[in-house]
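In: Build the 3D model from these lines:
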Amino acid sequence: MVKMGLQLKCTLENLTNLHPEADNFRWYLKVKCQSCGEVSPTFQYLTEEESSELKGTRSHANLVSKCKLCHRENSINILHETLKPYNSDDSESFKTIVVFDCRGYMPVECQFLAGWLAEGEESGTKFEVDLKELEWAEYDEKAKCSVGVYDLEHQFVKV
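Out: Residues are numbered from 1 along each chain as shown. This is a model prediction of the structure:
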């Protein structure tokens, strides 16, 4: 069992509390099999609401699948208690926003899509954020200023 943290780094403009929308948020990952080294050609998603039983055990995981090359069953679990928002104080530095419990698979890439929320730093206005383009911009009517997420980067680290 290896625990891998997804770290986020971006520039927040007049925003704070950037986080996934809900428990049914889909994390899209490319994964690498630790047995044979095969990397999935497409992104696979996992969500806290969905889990599958692991063969031969009473355990469950959020993502369970067989490697296409070596046919080994591998799994990844989202550790709910590790979910953290990315705040204005974190801007322009890497911060772990979620940790995955990895058994046989290692995440190698993350695809950011819609389903993120953020708040105006001064106004508290709630914004739905789509990170598909790795940046997002809007105007905060209450605070009368532009808000945005720019220069989005990510990395995986062992924790």
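In: distance of Ile76 from Cys145?
Out: 39 Å (Cβ to Cβ, to the nearest Å). The C-beta positions use only the backbone N, C-alpha and C, and glycine is treated the same way.
In: So these two - more neighbours on which side?
Out: Neighbour tally, Ile76 and Cys145, criterion other Cβ atoms under 10 Å: the higher count belongs to Ile76, 23 against 14.
In: Isn't the more buried one up against Cys110?
Out: No - applying Cβ atoms under 8 Å as the test, Ile76 and Cys110 come out as separate, 12.0 Å apart.
In: Now the common contact residues for the two.
Out: Leu29 (Cβ atoms under 8 Å, 6 or more residues apart in numbering).
In: Determine how far the least confident helix or strand in the chain by mean pLDDT lies from the middle of the whole chain.
Out: Every helix and strand of the chain was ranked by mean pLDDT, DSSP states H and E. The lowest is strand 52-53, at a mean of 90. Remark: strand 52-53 is offset 21 Å from the chain centroid, using Cα atoms, centre = their mean, to the nearest Å.
In: Numbering from 43 from now on, please.
Out: Sounds good: first residue 43 from here, last item strand 94-95.
In: Can you name the residues in contact with whichever helix or strand comes after that strand?
Out: For strand 94-95, the following helix or strand on the C-terminal side (DSSP states H and E) is strand 102-103. Applying Cβ under 8 Å, 6+ apart, the external contacts of strand 102-103 come out as Ser93, Ser94, Glu95, Leu96, Ser117, Ile118, Asn119, Asp143, Arg145.
In: And for stretch 123-135?
Out: With Cβ under 8 Å, 6+ apart, stretch 123-135 has contacts from 47, 50-54, 57-62, 137-141, 163, 193.
In: So what would you say the end-to-end distance of it is?
Out: 22 Å (Cα to Cα, to the nearest Å).
In: Would you mark the buried spots in stretch 148-157?
Out: For stretch 148-157, the neighbour count (16 or more other Cβ atoms under 10 Å) marks Met148, Pro149, Cys152, Phe154, Gly157 as buried.
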